[in-house]
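Visitor: attaching a predicted model along with its sequence, questions to come.
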Amino acid sequence: MLNRRKFLGSAAALGVIGILPSKFVQGNPKPIAANAANNLPVIISTWSHGKEANTETLRVLTEGGSIVDAVEKGVMIPEANPEINSVGLGGFPDRDGKVTLDASIMGPDGNAGAVSFLEEIVHPISVARKVMDETPHVMLSGSGALQFAVENGFERQNLLTPKMEKAWKKWIRKAKYEPQINWEEKPNEFHDTIGLLAIDKDSQMAGACTTSGLAGKIRGRVGDSPIIGAGLFVDNEVGAATATGMGELVMKTLGSFLVVEFMRNGSSPQMACEKAAKRIVEKVPESEKYQIGFIALSNKGEIGAYSLQPGFTYAFNINGLNHLIQAPSFYKKGPKK
């Protein structure tokens with residue numbers, strides 16, 4: 001773990017205080033100047049499963065892929081990993097035992113695509129990309145999204161793994177609908193939505209967000225992840241933001257759009273994330289029971305992250321190196337029961 005005093009001294013010498021204000025969990029302990037143009041590309045994503053996604057995003061960029069190609073391919077890594085129980089294949093099912101997926105993607109030109117309540121498709125992010133690129137729409141949902149995916153060559157697959165089916169059957173015996181949000185992550189464990197933001201060497205920005213949603217949710221529930229402005233927002237002239245956690249709270253405040261608007265009005269990415277989280281605290285009385293995490297990336301490559309509860313980590317890739325970092329939080333002792 002990085003010695004904070006040494007880091008702050010080195011960072012002050014480089015003039016980067018405020019760029020990385022949060023706590024390192026893992027990674028190279030060298031100070032990082034994320035706002036220097038020669039450090040682009042910069043990639044940031046939610047939770048520890050973002051490390052592999054970041055690596056794939058960088059690979060695509062290095063091999064000449066577009067920024068939109070890169071963010072799509074990046075989040076496809078956790079989507080296809082059956083050991084991650086909150087994204088794609090292997091996601092925890094809804095109350096009725098069905099795995100339903102939400103995803104969104106947004107590029108530097110302001111174009112966006114999304115799918116919600118999608119079943120039997122491993123890569124909802126790629127269906128969202130096709131909605132963005134090949135239709136006049138922004139979002140397709142449910143059976144219509146599935147029909148569109150199949151018509152465009154996506155293969156149907158059972159997303160409920162034996163591991164998650166067993167977990168669901170154990171959960172359903174309680175016969176209680178009490179959704180729980182991950183709030184205290186241990187290093188290298190996988191939690192919740194993956195949202196990924198990236199800026200390439202030409203300062204082009206894009207973002208992607210994909211999830212299997214709230215574990216044990218009422219059938220038909222859709223969270224913030226596929227909603228442009230809530231779970232994800234990108235403005236190439238300003239920056240980008242994405243969210244993880246209890247989607248209902250993010251939807252009630254259009255959290256990701258709010259983060260970007262705070263940046264537009266002069267806030268740093270860090271301060272913008274903090275302001276957006278505090279807006280939730282002010283406007284949503286039950287916020288103290290749940291977790292929300294925001295990450296942000298400016299069009300200069302500066303980053304920020306903040307959460308309601310302690311334990312939210314994010315993966316940050318710069319100069320080809322991944323760092324797992326714990327974000328500061330508004331509450332300090334975890335959610336109330």
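Guide: That came in fine, so what should we check first?

Visitor: can you verify residue 52 is assigned to a helix?
Guide: Yes - under DSSP: H, G, I helix; E, B strand; the rest coil, residue 52 sits within a helix.

Visitor: quick one: it and residue 270, what's the gap?
Guide: Note on residue 52: its distance to residue 270, by Cβ to Cβ, to the nearest Å, is 25 Å. (Each C-beta comes from the backbone N, C-alpha and C, glycine too.)

Visitor: okay, those two: which has more neighbours?
Guide: Per other Cβ atoms under 10 Å, whichever of residue 52 and residue 270 has more neighbours is residue 270, with 23 against 18.

Visitor: host element of the closest residue to the more buried one other than its chain neighbours?
Guide: Residue nearest to residue 270 in three dimensions, not counting chain neighbours: residue 304, with 3.4 Å by Cβ to Cβ, 6 or more residues apart in numbering. Using DSSP states H and E, residue 304 maps to strand 303-307.

Visitor: could you point out which element follows that strand?
Guide: Past strand 303-307, the next helix or strand by DSSP H and E is strand 313-318.

Visitor: how about low-confidence regions in the chain?
Guide: By pLDDT under 70, the low-scoring segments of the chain are 1-38, 175-191, 334-337.

Visitor: helices along that one, start to end?
Guide: Secondary structure of the chain, counting by DSSP state H: helices at 4-14, 50-62, 67-79, 124-134, 142-151, 162-172, 247-251, 255-264, 269-283.

Visitor: compare those helices and give me the one nearest residue 215.
Guide: With Cβ to Cβ as the measure, helix 162-172 is the member of these nearest residue 215 (7.8 Å).

Visitor: now do that closest one: everything it contacts.
Guide: 82, 85, 90, 91, 92, 93, 95, 97, 99, 160, 215, 216 (Cβ atoms under 8 Å, 6 or more residues apart in numbering).

Visitor: what's the spacing between the first one and residue 236?
Guide: Counting by Cβ to Cβ, the separation of residue 82 from residue 236 is 35 Å.

Visitor: ok, those two, which is more surrounded?
Guide: The neighbour count for residue 82 versus residue 236, taken as other Cβ under 10 Å, is higher for residue 236 (18 against 15).

Visitor: how many residues are close by the residue nearest to residue 306 when sequence neighbours are not counted?
Guide: Nearest non-adjacent residue to residue 306, counting by Cβ to Cβ, 6+ apart: residue 273, 3.8 Å away. Using other Cβ under 10 Å, residue 273 has 30 neighbouring residues.
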